[in-house]
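Asks: Sequence and predicted structure are below.
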Amino acid sequence: MVDEPSGQDPLGEDARIVSLDGRLDAARQREAERTRSPQQGQDAGYDSANKVLAELLGGIIGGVAIGLVIDWLIGKGTHWGLLVMMFLGIIVAFRNIFRISNRRSD
């Protein structure tokens, strides 16, 4: 076996190496926090906006489609089915948007 000089510690326990490792770990943590926090906040806001838009469009388009089918099945010249179902779709869409906005963000 190779004997180490009596005045030096093994390589992993050298005070300069340990100090450098500590500073590198601290720098990595600061960089991870700096780059992670804004990105997660932007993603959460973007996801919420997409959910709201999908609910709004889905409610309106779904209501119009069902209303047109009802009008087509009834066969009359009036579009009461379209109007009623479109307004019901809007009401349901806004109800779902309020539910999304009242959820707690984790």
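Replies: Structure's in. What do you need?
Asks: Which secondary structure element is home to the spatially most central residue of the chain?
Replies: The chain has Ala44 as the residue nearest its centroid, 3.2 Å off, counting by Cα atoms, centre = their mean. For Ala44, the host element (DSSP states H and E) is helix 15-74.
Asks: May I see the buried residues of the helix or strand following that helix?
Replies: Counting by DSSP H and E, the next helix or strand C-terminal to helix 15-74 is helix 80-102. For helix 80-102, the buried set under the neighbour-count rule, 16 or more other Cβ atoms under 10 Å, comprises Gly81, Leu82, Met85, Met86, Gly89, Val92, Ala93, Asn96, Ile97. Yep, even glycine has a C-beta here, placed from its N, CA and C like the rest.
Asks: same question, stretch 19-35
Replies: Under 16+ other Cβ under 10 Å, stretch 19-35 has no buried positions.
Asks: elements contacting the helix holding Ala44?
Replies: helix 80-102 (3 or more Cβ pairs under 8 Å, 6 or more residues apart in numbering; DSSP states H and E).
Asks: Fine, thanks again, bye for now.
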